[in-house]
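> Just a sequence and a predicted model for now, questions to come.
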Amino acid sequence: FGFNQDHHENHLMFLRKAFQIHENMVFGYVIYADTKGGEFVHASAPGEGITCVDDTVRAGIYFLRKYADCLDPHSENARRYLSLALETIEFCQCFRTIEGDYYNFLFEDGSINEHGITSRPSKSWWALRALWLLSESLNILSNEEEYDKTFYYHQALATALLFKTELDSSGLIRGYTDLSSLYIIGLSNLYHYSHDEQLKLLVEKVSDGIVAKQHDVLFNGIIDEGTQEFNYHSWGSRQVQALAMAYQITGNGEYLESACKMADHLYPHLINMGPLYSYNRSNITLFPQIAYGVEAAVASLYALYQIEKDEKYAYMMSLLHGFFYGNNHLNSVMIGENGEGYDGLESVFINRNAGAESTISFLLSKSLVDRIPEKYSGLSRIEVLK
């Protein structure tokens, strides 16, 4: 793509690769990039595959945001971002089942991994991310001629209703608040597009289940992600974002109060400690600290900032994003000059492999921080006193 591309996107474009799936030529994003001889090389996950719905969806979300941020939808940049976003949607189509579930991984020979535990249709993360992409695209691309909004709405709705069968008596997907939060994001996007009351009722049911699992364990107001015992992990923790979006649809102040409580009591500590990996009632796992944890927190704070207009959320967004620029315990930059997001910060070293998840998480976080006023966003690059 020869357009006025942000240099931070260079590595993402390096990860973009063409794949032949049956009669379709599609583009996905290689999941791993290992360093060899000072250069990056594409790498696959043994037994899983080389690309997946999970990461390609996240690239699509980024391209949709960049398209939406273009002042002129007919500009060269806007058309390129549109093309890249549509590519990711087409990629995911190859993995969709008739029922609306999804496979996840693709092997290098173009065959879909149909049986792996992280790939087979199981109403899991990758299907919810595909729902996120489709639901987000409906609200951003509905005026584009190249985009069949009626077709994709019905596909997204089928997936959303498929997950309804997975809700337990508390309103959660198999008891998990992290999966359920991603579900709310997809449902909320769909409701904004269609105003279908059954979607609003689902948002309320799932949100009530999430609020019911808010506890004071180590930090006040943390939403439990475990099913048997309390557990929290920074990666994929979008409960704050989901509840903020649920509030916008329902007007239920309890959802916003719950989201603010968790944000106010957790994220200041993550600014100081970094995006700790996980904790339960008996153990804190500080490392590895990963880009995915930062991105989920930044997205959650952005959702609150849009509603509350409270500058504390903008400040926290920027300071958390500063993890990538050196606001971490090693005072080390976590990105390369081409936007490659390093795969993990350990206690004494950095894993400088730069796969799709880390790279896209950095770009997703940056895309939101770039939207807030400079007086806040500039704080992401302040130097940490040593």
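Here it is on my side, so go on. Residues are numbered from 1 along each chain as shown.
> residue boundaries of the strands in the stretch 251-386 of the chain?
Assigned by DSSP state E, counting those that start in this stretch, the strands in the stretch 251-386 of the chain fall at 278-280, 284-285, 344-345, 350-351.
> Helices along this structure, start to end?
Applying DSSP state H to the chain gives helices spanning 10-15, 53-69, 76-93, 125-141, 149-164, 177-194, 197-211, 239-250, 253-273, 291-308, 311-321, 356-369, 374-377.
> Low-confidence ranges, the stretch 251-386 of the chain, go.
386 (pLDDT under 70).
> Excluding residues flanking it in the chain, which one is nearest residue 304?
What sits nearest to residue 304 in space, not counting adjacent residues and going by C-beta to C-beta, 6 or more residues apart in numbering, is residue 313, at 4.7 Å. All C-beta atoms are positioned from the backbone trio N, CA, C, and that covers glycine.
> ditto for residue 325
The shortest distance from residue 325 to any non-neighbouring residue, by C-beta to C-beta, 6+ apart, is to residue 381 (5.2 Å).
> how deep is residue 384 tucked in, by neighbour count?
Neighbour count of residue 384, defined by other C-beta atoms under 10 Å: 12.
> swap in residue 54?
Residues near residue 54, counting by other C-beta under 10 Å, number 23.
> and what of residue 322?
21.
> ok, now residue 154?
Residues near residue 154, counting by other C-beta under 10 Å: 12.
> wait, what's in contact with it?
Neighbour list for residue 154: empty [criterion: C-beta atoms under 8 Å, 6 or more residues apart in numbering].
> Model confidence for it, exactly?
Looking at residue 154, its pLDDT reads 98.
> now residue 4
The model's pLDDT for residue 4 equals 50.
> separation between the spatially closest residue to residue 331 that is not a sequence neighbour and residue 230?
Once flanking residues are discounted, residue 331 sits nearest to residue 384: 5.2 Å by C-beta to C-beta, 6+ apart. The gap separating residue 384 from residue 230 is 32 Å, by C-beta to C-beta, to the nearest Å.
> quick revisit: let me know whether the residue nearest to residue 331 touches residue 329 as I believe.
No: look at residue 384 against residue 329 with C-beta atoms under 8 Å: they stay out of range, at 9.2 Å.
> residue contacts, residue 67?
Each residue near residue 67 by C-beta under 8 Å, 6+ apart is listed here: 73, 78, 81, 82, 85, 140, 141.
> Count the neighbours of the closest residue to residue 348 other than its chain neighbours for me.
Spatial nearest neighbour of residue 348, chain neighbours left out: residue 330 (7.8 Å); criterion: C-beta to C-beta, 6+ apart. Residues near residue 330, counting by other C-beta under 10 Å, number 16.
> Return the residues in contact with residue 330.
Residue 330 neighbours (C-beta under 8 Å, 6+ apart): 345, 348, 350.
> thinking again about what came up before, which of the strands of the stretch 251-386 of the chain is buried the deepest?
Stretch with highest mean neighbour count among those: strand 344-345 (a mean of 21; mean count of other C-beta atoms under 10 Å).
> Can you get me a residue count around the nearest residue to residue 68 once chain neighbours are set aside?
Excluding the flanking residues, the one nearest residue 68 by C-beta to C-beta, 6+ apart is residue 140, at 5.1 Å. By other C-beta under 10 Å, the residues close to residue 140 number 18.
> Over to residue 55?
Residue 55, neighbours per other C-beta under 10 Å, totals 26.
> Residue 361 is in contact with that one, correct?
No: if you go by C-beta under 8 Å, residue 55 and residue 361 don't touch, sitting 9.8 Å apart.
> Quick check: residue 232 vs residue 275, distance?
Separation of residue 232 from residue 275 (C-beta to C-beta) stands at 11 Å.
> For residue 284, see how far away the residue nearest to residue 68 is.
In terms of C-beta to C-beta, residue 140 sits 39 Å off from residue 284.
> what does residue 153 give?
In this view, residue 153 and residue 284 are 43 Å apart by C-beta to C-beta.
> Ok, residue 98 next?
Counting by C-beta to C-beta - residue 98 and residue 284 are separated by 44 Å.
> Check residue 375 too.
Distance, residue 375 to residue 284, by C-beta to C-beta: 34 Å.
> now residue 266
Distance, residue 266 to residue 284, using C-beta to C-beta: 13 Å.
> Tell me who's in contact with the nearest residue to residue 91 once chain neighbours are set aside.
Of all residues not flanking residue 91 in the chain, residue 26 sits nearest, at 4.5 Å (C-beta to C-beta, 6+ apart). By C-beta under 8 Å, 6+ apart, the contact set of residue 26 is 18, 19, 87, 90, 91, 94.
> Quick check: bridge partners of residue 26?
residue 19 (DSSP bridges).
> Next one: it from residue 11, what distance?
Applying C-beta to C-beta to residue 26 and residue 11 gives a distance of 20 Å.
> go on, residue 376?
From residue 376 to residue 11 the distance is 26 Å (C-beta to C-beta).
> and what of residue 20?
According to C-beta to C-beta, residue 20 and residue 11 sit 24 Å apart.
> Which one's more surrounded, those two?
residue 11 (26 against 10).
> Make sure that one is actually in contact with residue 353.
No: using C-beta under 8 Å as the test, residue 11 is too far from residue 353 to be in contact (11.6 Å).
> With distance to residue 112 as extra columns, can I get the helices of the chain in JSON lines?
Listed next are the helices of the chain as JSON lines, based on distance: least, C-beta to C-beta, whole Å:
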{"stretch": "helix 10-15", "distance to residue 112": "19"}
{"stretch": "helix 53-69", "distance to residue 112": "10"}
{"stretch": "helix 76-93", "distance to residue 112": "12"}
{"stretch": "helix 125-141", "distance to residue 112": "12"}
{"stretch": "helix 149-164", "distance to residue 112": "17"}
{"stretch": "helix 177-194", "distance to residue 112": "22"}
{"stretch": "helix 197-211", "distance to residue 112": "29"}
{"stretch": "helix 239-250", "distance to residue 112": "29"}
{"stretch": "helix 253-273", "distance to residue 112": "37"}
{"stretch": "helix 291-308", "distance to residue 112": "24"}
{"stretch": "helix 311-321", "distance to residue 112": "35"}
{"stretch": "helix 356-369", "distance to residue 112": "18"}
{"stretch": "helix 374-377", "distance to residue 112": "40"}
